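K.L.:
just the structure for this:
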Amino acid sequence: MQKAKYQEIAGALENGIRNGEYRGRLPSVRLLGELFGVNPRTVLRALQQLTAGGLIVPNGNRGFLIPEEGSRRPVSGNIVIFHPGPVSDNPGQLDRLITEAGMRPISISTPAADLCGVRSFWETLSADGVIFMNSSLDRESAYQLKLSGIPFVAANRMPREWGVNCVEFDHESALRLFLKALIRRGRRRIALLNPRYPLHYFREIIFSAYFEVMNAYAIFDPELFVYPDESQPYEAALAAGVERLLALPRPPDAIYSSVPEPELRRILAEHRVTLPKAVECGFSRIFEEPAPDGGEPGLVYRYDRLRESLWRLLQLVIADPVRTPETRLIPVPVIGPDGELLTAATNSQPRN
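P.N.:
Residues are numbered from 1 along each chain as shown. This next block holds a predicted model:
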């Protein structure tokens with residue numbers, strides 16, 4: 001089967017990069033278009049493919065840079081665990097895994113998210129690898145890390161075109177399964193309550209899964225997808241969103257909340273909002289041990305599995321920095337509305 005033109009261009013540029021014909025950066029999109037006799041859009045598709053493969057890094061309006069493969073950083077024995085805020089994500093497990101491998105875990109916590117996008121910060125950091133927790137890695141930070149030569153992995157889904165190694169829960173499959181279980185029980189007005197996600201595109205991922213199921217059953221209503229108003233303080237916006245749901249002419253008969261139950265009920269109580277008992281609820285539930293065989297309805301998140309998978313993937317990236325980037329999805333067990341276990345946790349499967 002004949003390759004598309006952009007794929008041919010990507011292959012030619014990849015060979016040139018690996019053979020040392022291009023060093024430091026690629027020619028401009030305009031010059032590459034002239035070289036290959038194609039329009040800029042075709043060149044950009046080829047460059048996006050190379051970016052996804054980790055071979056080049058966009059540099060704003062100044063073109064595409066080539067990370068230096070041969071300039072391996074000195075081995076320090078340090079592994080950085082980066083948190084966007086206070087270290088509250090049970091770092092003990094990662095500390096233990098890193099220590100058992102004969103390396104030193106170092107936790108960095110800062111609310112200054114823009115620090116990650118400063119290349120000089122990473123170039124002066126003595127580390128053999130970085131693990132980004134809690135959706136703390138954005139595109140600019142990923143590109144600057146690539147240019148600095150530090151291997152890294154992220155605990156959040158990244159668009160494929162960014163070319164980042166990451167581990168994430170398979171939220172979509174679990175959400176679809178739970179929604180369908182509610183529909184089989186006769187629920188038609190199913191609301192989805194979201195927290196405020198650090199990265200906006202994740203909201204699109206969740207909305208897409210919600211829309212897919214609800215639209216398939218011809219019961220989609222955009223008013224039932226609640227995302228906290230970013231012009232308000234988070235907790236007030238969340239409570240206001242629930243109030244709006246309950247005030248609808250046709251209020252929901254079921255709610256799935258990605259906000260864990262203790263947190264949501266505290267926020268609602270502080271804002272004097274009460275969920276009617278007639279509204280069937282399911283929640284995100286966090287476990288640090290094997291998931292229960294049944295119990296309270298919702299999606300069960302095993303963060304111990306997430307951390308272990310992050311560390312295993314980072315070890316592979318350190319051993320082979322130019323390996324093809326991959327996304328590993330951790331299956332999420334689902335406890336249905338009747339308290340039965342609808343899925344069981346399995347080994348995560350890489351997805352390129």
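
K.L.:
tell me the buried residues in stretch 92-110?
P.N.:
Of all the residues in stretch 92-110, those buried under the rule 16 or more other CB atoms under 10 Å are 93-95, 97-98, 103, 105-106. C-beta coordinates here come from the backbone N, C-alpha and C atoms, glycine included.

K.L.:
where does the stretch 151-300 of the chain have low pLDDT?
P.N.:
Applying pLDDT under 70 to the stretch 151-300 of the chain flags residues 198, 288-294.

K.L.:
swap the cut-off to 50 and go again
P.N.:
Scanning the stretch 151-300 of the chain for pLDDT under 50 picks out no residues.

K.L.:
now do the stretch 1-150 of the chain
P.N.:
Along the stretch 1-150 of the chain, segments meeting pLDDT under 50 span 70.

K.L.:
quick one, helices of it?
P.N.:
5-18, 29-36, 40-52, 91-100, 119-123, 139-148 (DSSP state H, counting those that start in this stretch).

K.L.:
now the second one against helix 40-52, angle please.
P.N.:
So the one you mean is helix 29-36. Counting by axes from the mean of the first three to the mean of the last three CA atoms, to 10 degrees, helix 29-36 lies at 100 degrees to helix 40-52.

K.L.:
over to the first one?
P.N.:
If you take the same axes, to 10 degrees, helix 5-18 sits at 50 degrees to helix 40-52.

K.L.:
with the fourth one instead?
P.N.:
What separates the directions of helix 91-100 and helix 40-52 is an angle of 70 degrees, with the same axes, to 10 degrees.

K.L.:
give me the nearest residue to Tyr177, chain neighbours excluded.
P.N.:
Slight slip there: residue 177 is Leu, not Tyr. Val334 (4.9 Å; CB to CB, 6 or more residues apart in numbering).

K.L.:
ok, the one you found - contacts?
P.N.:
Val334 makes contact with 174, 177-178, 181, 298-300, 341-343 under the criterion CB atoms under 8 Å, 6 or more residues apart in numbering.

K.L.:
JSON lines for those residues, including neighbour count, secondary structure and distance to Ile66?
P.N.:
Converted to JSON lines, those look like this (neighbours: other CB atoms under 10 Å; DSSP: H, G, I helix; E, B strand; the rest coil; distance: CB to CB, whole Å):
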{"residue": "Ala174", "neighbour count": "22", "secondary structure": "helix", "distance to Ile66": "39"}
{"residue": "Leu177", "neighbour count": "17", "secondary structure": "helix", "distance to Ile66": "43"}
{"residue": "Phe178", "neighbour count": "25", "secondary structure": "helix", "distance to Ile66": "45"}
{"residue": "Ala181", "neighbour count": "19", "secondary structure": "helix", "distance to Ile66": "49"}
{"residue": "Gly298", "neighbour count": "24", "secondary structure": "strand", "distance to Ile66": "46"}
{"residue": "Leu299", "neighbour count": "25", "secondary structure": "strand", "distance to Ile66": "41"}
{"residue": "Val300", "neighbour count": "22", "secondary structure": "strand", "distance to Ile66": "43"}
{"residue": "Leu341", "neighbour count": "16", "secondary structure": "strand", "distance to Ile66": "49"}
{"residue": "Leu342", "neighbour count": "18", "secondary structure": "coil", "distance to Ile66": "47"}
{"residue": "Thr343", "neighbour count": "19", "secondary structure": "coil", "distance to Ile66": "43"}
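
K.L.:
highest mean neighbour count out of the helices of the stretch 1-150 of the chain?
P.N.:
helix 139-148 (a mean of 21; mean count of other CB atoms under 10 Å).

K.L.:
elements contacting that helix?
P.N.:
Under the contact criterion of 3 or more CB pairs under 8 Å, 6 or more residues apart in numbering; DSSP states H and E, helix 139-148 touches strand 57-58, helix 119-123, strand 152-154.

K.L.:
ok, now with 7 Å
P.N.:
Packing partners of helix 139-148 (3 or more CB pairs under 7 Å, 6 or more residues apart in numbering; DSSP states H and E): strand 57-58, helix 119-123.

K.L.:
which parts of the helix or strand where Glu308 lies are buried?
P.N.:
Secondary structure assigned from DSSP states H and E places Glu308 in helix 303-319. By 16+ other CB under 10 Å, the buried positions in helix 303-319 come out as 303, 305-311, 313-315, 317-318.

K.L.:
now do stretch 182-198
P.N.:
Neighbour count says stretch 182-198 has 182-183, 187, 189-195, 197 buried, by 16+ other CB under 10 Å.

K.L.:
now, which of the residues you listed lie within helices?
P.N.:
182-183 (DSSP state H).

K.L.:
got CSV for the buried residues of stretch 182-198, with distance to Ile9 too?
P.N.:
Formatted as CSV, the buried residues of stretch 182-198 follow (distance: CB to CB, whole Å):
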residue, distance to Ile9
Leu182, 48
Ile183, 46
Arg187, 50
Arg189, 50
Ile190, 46
Ala191, 47
Leu192, 42
Leu193, 45
Asn194, 40
Pro195, 42
Tyr197, 35
